[in-house]
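In: Please find the sequence and the predicted model below.
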Amino acid sequence: MGARFKDWKYPKIEEGRPTKFNWLVQHKGNFKLGYKTDIGAYTYINAKKGVAIEDYVQIGSHCSVYSVSTIDNKQGPVTLSRNCRIGSHSVIMPAVKIGENSVIGAFSFVNKDIPANVLAYGVPAKVARKLTRKEIETFSR
């Protein structure tokens, strides 16, 4: 993230209203946002059952993070662990944890936990491979 976040500040989050970066949270009382996170425009976060976005997480634009699904009645807290990255247009379903440093490819549908330090993508998302030490060090903070 480098200099882009030199003066990073926690964004003002109002219930159901877009932030100045054009992402939105519902049930903000159950939402935890880490330090120096980057959430892309038009991302929707439903935190009814809890959503934790840990430090240095990056989320692309047009993503959806759901702690409740009205389609299959699944619900549970979502955790995006430190330094993980979510590709644009991805969907994270309830009760999912994405491990530290992991990368989720664009347009993925994540309905199960993803371990730390892996690349995963697809519909549904599956682990493609472990990240190399160099890849982890390059993007770690």
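Out: Happy to help now that I have it. Numbering: from 1, shown residues only.
In: For the rest of this, base every contact and every neighbour count on C-alpha atoms.
Out: Noted.
In: Run a quick neighbour tally on Lys74.
Out: Counted with other C-alpha atoms under 10 Å, residues neighbouring Lys74 total 13.
In: I misspoke; the intended subject was Ala52.
Out: Counted with other C-alpha under 10 Å, Ala52 comes out at 18.
In: Now it. Its backbone dihedrals?
Out: phi -120, psi 120 (degrees, to the nearest 10).
In: mind listing what it touches?
Out: 31-34, 77-81 (C-alpha atoms under 8 Å, 6 or more residues apart in numbering).
In: just Pro115 next, same as before
Out: 97-100, 102.
In: Out of those, which two sit at the greatest distance?
Out: For the contacts of Pro115, the farthest-apart pair by C-alpha to C-alpha is Lys97 and Ser102; their separation is 10.6 Å.
In: Compare the contacts of Ala52 and tell me which is most surrounded.
Out: When neighbours are counted by other C-alpha under 10 Å, Leu80 leads these with 28 neighbours.
In: hey, what's that one bridged with?
Out: Note on Leu80: beta-bridge partners Ile53, Ile98, judged by DSSP bridges.
In: Is it possible to get a markdown table of the contacts of Pro115 that adds neighbour count, distance to Ile39 and pLDDT?
Out: Converted to a markdown table, the contacts of Pro115 look like this (neighbours: other C-alpha atoms under 10 Å; distance: C-alpha to C-alpha, whole Å; pLDDT from 0 to 100):
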| residue | neighbour count | distance to Ile39 | pLDDT |
| --- | --- | --- | --- |
| Lys97 | 22 | 17 | 98 |
| Ile98 | 27 | 16 | 98 |
| Gly99 | 20 | 17 | 98 |
| Glu100 | 23 | 17 | 97 |
| Ser102 | 26 | 16 | 97 |
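In: quick one: common contacting residues for Lys97 and Ser102?
Out: By C-alpha under 8 Å, 6+ apart, the residues touching both Lys97 and Ser102 are 114-115.
In: Specify which member of the contacts of Pro115 is nearest to Ile86.
Out: Checking these against Ile86 with C-alpha to C-alpha, the nearest one is Ser102 at 8.5 Å.
In: I'd assumed Cys84 was in contact with the closest one.
Out: Yes. Ser102 is within contact range of Cys84, at 4.8 Å (criterion: C-alpha atoms under 8 Å).
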